[in-house]
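Asks: my questions are about this predicted structure, shown below with the sequence.
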Amino acid sequence: MQFRQTVKARWIIKTSPNMRYLFVSIILFVGLSVNSHAQKTKGAQFKVAFYNTENLFDTLHDLNKNDNDFLPDAKVAWTSKRYNHKLQNIARVLVAIDSVNLPAVIGMAEVENIGVLNDLITKTPLHKGSYQAILEEGSDPRGIDVALIFRKDVMHYIAHKAFAAAQSFNTRSILYVKLSDSKKDTFNIFVNHWKSREGGGNETETKRIENASALRHLTDSLLARNPKANILIMGDFNDEPKDKSISETLGAVKPDQPITPKGLYNLMYQRFLNGEGTLYYKDWDLFDQIIVSGNLLSKNKQGKGAVILPPYSSIFKQDWMLYKNKAGDMVPNRTASSKDYFGGYSDHLPVFVTINY
């Protein structure tokens, strides 16, 4: 298996008590140079965002996917008009995160295929960002995948690959994308969508722990070879920052902890402690998170290199994305349920960080 560029990699087998993983040791991209044509960012910063788009399906049936709820003849009809409205709504949210200088990198969850992603970046106001789309099909039975888009005038593509997030069940892949910016800093980005809580949080916890273990193997491999690697982990983890999968298995801690070479730091932790959330079910949950390696938080870089500064992260939440539920709470205005079409945006709110120099 090879990366999308002329890149060499060495594969190794890692074994845990419950499963065997095939992972790359990530001797990645030695000698690769940054494309001199990559344009400079506007100003000394750019934004990186993540958004669970809530069932971003086209209207066509795929024989290999359980997409029957998103067809014109479904119980809640998924028509071309509704599909196009959904694209415009998702784009409106992403553009509004920074309408002056559109986010340089956006990870997403619940995207059906690369065609949908290309529609999003060419048929909506996002076309102004000159984005390139990346999506690899995973094994999720419903066919929803993680994806990433990036601005070609800000970031330079190096390589990408999809890694299995579990061995014991079918699920979304972990999408790994390697990019560099105009200042020749390299970013290793992992986009995730871990096992849902359908069937119960406790009952499904072991599967999210398996997802976390798979991701930790990948980040360990990177950090073992380069303790100063810039790692950005984003996704819908279906767990809170304090839950075992994230705090223990992945080992992501609050960014006010001492910075260590192999440490991972959850930039959403303080917002979680403040009672903030990115989706609402009886109460706010904070499942959408951005986690980084210590090099992106280092305070002793003497003004050199990319850094994320306090308060570290933001949840993008505007009144026009919300509606008032029966309890009187303003919560995310979703697209549809199994019974009704609402015409909203998503049942999740996006999160983002700002990369500074």
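Replies: Looks like it arrived, so ask away.
Asks: which residues of the protein score low on pLDDT?
Replies: Scanning the chain for pLDDT under 70 picks out the ranges 1-43, 299-303.
Asks: which strand in it runs the most residues?
Replies: strand 45-56 (DSSP state E).
Asks: after that one, next one along is what?
Replies: helix 80-97 (DSSP states H and E).
Asks: ok, Ile97 to Phe342 distance?
Replies: 22 Å (CB to CB, to the nearest Å). Bear in mind the C-beta positions are built from the backbone N, C-alpha and C, glycine included.
Asks: more neighbours: these two, which one.
Replies: Ile97 (18 against 13; other CB atoms under 10 Å).
Asks: contacts only, for that one.
Replies: For Ile97, the contacting residues are 47, 49, 103, 316, 350, 352, by CB atoms under 8 Å, 6 or more residues apart in numbering.
Asks: gap between it and Leu135?
Replies: For Ile97 relative to Leu135 (CB to CB), the value is 20 Å.
Asks: so what's Lys47 closest to, chain neighbours aside?
Replies: Among residues not flanking Lys47 along the chain, Pro103 sits closest, at 4.3 Å (CB to CB, 6 or more residues apart in numbering).
Asks: the one you found contacts Phe46, correct?
Replies: Yes - using CB atoms under 8 Å, Pro103 is in contact with Phe46, at 7.4 Å.
Asks: assign a three-state SS to the residue nearest to Lys47, would you?
Replies: Assigned by DSSP: H, G, I helix; E, B strand; the rest coil, the conformation of Pro103 is coil.
Asks: residue contacts, it?
Replies: Taking CB under 8 Å, 6+ apart as the test, what Pro103 contacts is 46-49, 94, 97, 129, 151, 352.
Asks: okay if I get these as CSV plus distance to Asp283?
Replies: Formatted as CSV, the contacts of Pro103 follow (distance: CB to CB, whole Å):
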residue, distance to Asp283
Phe46, 33
Lys47, 28
Val48, 28
Ala49, 24
Leu94, 26
Ile97, 25
Gly129, 35
Arg151, 36
Phe352, 23
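Asks: and the residue nearest to Thr260 when sequence neighbours are not counted, what does it touch?
Replies: If the residues on either side of it in the chain are set aside, Thr260 comes closest to Gly294, at 6.1 Å by CB to CB, 6+ apart. Shown in contact with Gly294 (CB under 8 Å, 6+ apart): 259-265.
Asks: swap in 7 Å and give it another go.
Replies: When contacts are counted by CB atoms under 7 Å, 6 or more residues apart in numbering, Gly294 touches 259-261, 263, 265.
Asks: and if you look at Val253?
Replies: Taking CB under 7 Å, 6+ apart as the test, what Val253 contacts is 265-266.
Asks: from Thr278, how far off is it?
Replies: On the measure of CB to CB, Val253 and Thr278 end up 20 Å apart.
Asks: Tyr345 too?
Replies: Counting by CB to CB, the gap from Tyr345 to Thr278 is 13 Å.
Asks: now do the end-to-end distance for stretch 164-174.
Replies: End-to-end distance of stretch 164-174 (CA to CA, to the nearest Å): 6 Å.
Asks: partner strands of the longest strand of the chain and their direction?
Replies: strand 105-111 (parallel), strand 351-356 (antiparallel) (DSSP bridges).
Asks: going by neighbour count, which residues of the longest one are buried?
Replies: The reference is to strand 105-111. Within strand 105-111, the residues that qualify as buried are 105-111, counting by 16 or more other CB atoms under 10 Å.
Asks: from the chain's centroid, how far away is that strand?
Replies: Relative to the chain's own centre, strand 105-111 is displaced by 5 Å; criterion: CA atoms, centre = their mean, to the nearest Å.
Asks: same thing with stretch 184-197?
Replies: 5 Å.
Asks: end-to-end on stretch 246-256?
Replies: 17 Å.
Asks: actually, stretch 52-62.
Replies: OK, stretch 52-62 end separation, CA to CA: 21 Å.
Asks: ok, residues contacting that stretch?
Replies: Residues contacting stretch 52-62 (CB under 7 Å, 6+ apart): 67, 70-72, 78-80, 83, 86, 90, 108-112, 115-116, 143, 236, 288, 334-335, 346-348.
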